[in-house]
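K.L.:
A predicted structure for the sequence below; I have some questions about it.
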Amino acid sequence: MSLYKIIYERMFDRIKYDPENPQSLVDFDEAKNLYEYSAKDLLFLAGHLRKFYFKNYVLVHIINNIRNGNCAEDCGYCAQRKTASNIPTYSLKSEEEILKEAQLAKQNGAYRYCLVTAGTGINAKMAEKYAEIIKKIIQDINIKVCLSAGIVKDPEAAKILQEAGLDRYNHNLNTSRRFYPEITTTHTYEDRKQTLEYLSENHIGLCSGVIAGMGESIEDLIEVGLELNQHKAESIPVNFFIPVPGHNIKNYKELTSEECLKILSLFRLMNPKAEIRMAAGRELYLKEKQHLGLKVANSLFVSGYLNVKGSSTYETIKMIYLNGFQLDPNSENSILELRDQILSEVTPDEFDRMHYALQEMKIELKTIDELRPFAK
């Protein structure tokens, strides 16, 4: 019996007899061998899991870069790395700005509002500051929040955030332990793993993902996918490296859409019940095939990334609905007017094709006005 058939039958046994089991459906060698199959085959295989656990719903996330630049870390993939000098810098945004952007995120259909800060990490004092903001967002805006504030060295910080109502913290592993020294030298892979452990111990859900295309091997990516399964990551952003100005990744690879789709499919097979996010770089590498990525991923970012512009809310919502997907019911209530406007503008030919290609992405950094739309 072929490996493909073995995994196919294993998947349906899992769905039928043990659907709540979050363990990977494949081991390291199986995942490596599956990568030799075509994207079409892997999308078909992994797509059954996506449909079983998430139906045709898509969760939209919107990022707010609440503190930008002046970072002491040397992460080679980042526009804010310590030697970069081509981005606007600012200290923590005002509470008023952050709340206004939270309201805008909800109006644009966001399921979760992601607060991201530049810097090495967070201590208890900083956690208190973020906790007050998180409480107000949850109470006043009624939207889910994710915080990405770097390495957690003090478990007390995690406890403070959890008590404030934070249910998700982002801290990506990014790549394998073996390859990690190639992308960062100012902290270690173990620092990142320890952060995930502190968060889990304090009952904060993990959002942790990967960046593909930095020169790593498929074995590195598989190692990360299985590691995230061991950590019970609830949300996994699969990023595709964007060569931003000032980056320091020496041997990055321009991924093909075929490779991106296969990577997304493997992460679904390794993390059957996780929220798999088609994250940064989807517009750059998948181009007109982003709708195929949604066959295995059930989540994406809209309105760009930390410092890089991406597809607009309008473009992304159109792509979602014209390909047979929809926002989760709670988020959809916030964009009913936009949804109806989009659908009323669609031609019969577009409906027949059930396909909408987003414009090809150009690598453009956000301006200060785009980073701080409500600054006074």
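P.N.:
Arrived safely, thanks for sending.

K.L.:
and His48, what helix or strand is that in?
P.N.:
Using DSSP states H and E, His48 sits in helix 39-54.

K.L.:
residue boundaries of the strands in the stretch 101-250 of the chain?
P.N.:
112-117, 121-122, 144-148, 151-152, 168-170, 205-207, 210-212, 235-240 (DSSP state E, counting those that start in this stretch).

K.L.:
ok, Gly324 to Lys55 distance?
P.N.:
Remark: distance between Gly324 and Lys55 (CB to CB, to the nearest Å) = 11 Å. Every residue, glycine included, has its C-beta placed from N, CA and C.

K.L.:
likewise Gly310?
P.N.:
25 Å.

K.L.:
what of Asp140?
P.N.:
As judged by CB to CB, Asp140 and Lys55 stand 30 Å apart.

K.L.:
list the contacts of the residue nearest in space to the middle of the chain.
P.N.:
Nearest to the mean C-alpha position of the chain, by CA atoms, centre = their mean, lies Pro237 at 2.8 Å. Contacts here follow CB atoms under 8 Å, 6 or more residues apart in numbering; on that basis Pro237 touches Asn170, Asn172, Cys207, Gly209, Val210, Arg277, Ala279, Ala280, Ser299, Phe301.

K.L.:
just the buried ones from these?
P.N.:
Neighbour counting by 16 or more other CB atoms under 10 Å classes Asn170, Asn172, Cys207, Gly209, Val210, Arg277, Ala279, Ala280, Ser299, Phe301 among the contacts of Pro237 as buried.

K.L.:
tell me the one of the residues you listed nearest Lys250?
P.N.:
Among these, Val210 lies closest to Lys250 (CB to CB), at 18.6 Å.

K.L.:
what's the nearest residue to the closest one if we skip its chain neighbours?
P.N.:
Of all residues not flanking Val210 in the chain, Val224 sits nearest, at 4.9 Å (CB to CB, 6 or more residues apart in numbering).

K.L.:
from Arg112, how far off is Glu182?
P.N.:
Relative to Arg112, Glu182 is positioned 31 Å away (CB to CB).

K.L.:
same check, this time on Glu201
P.N.:
22 Å.

K.L.:
please say which of those two ends up with more neighbours.
P.N.:
Arg112 (22 against 12; other CB atoms under 10 Å).

K.L.:
for the nearest residue to that one once chain neighbours are set aside, which residues are in contact?
P.N.:
If the residues on either side of it in the chain are set aside, Arg112 comes closest to Lys144, at 4.3 Å by CB to CB, 6+ apart. Residues near Lys144 by CB under 8 Å, 6+ apart: Tyr111, Arg112, Tyr113, Ile138, Asp167, Arg168.

K.L.:
how about the buried ones among the contacts of Pro237 in TSV, adding pLDDT?
P.N.:
Output for these, formatted as TSV (pLDDT from 0 to 100):
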residue	pLDDT
Asn170	98
Asn172	97
Cys207	98
Gly209	97
Val210	98
Arg277	98
Ala279	97
Ala280	95
Ser299	97
Phe301	94
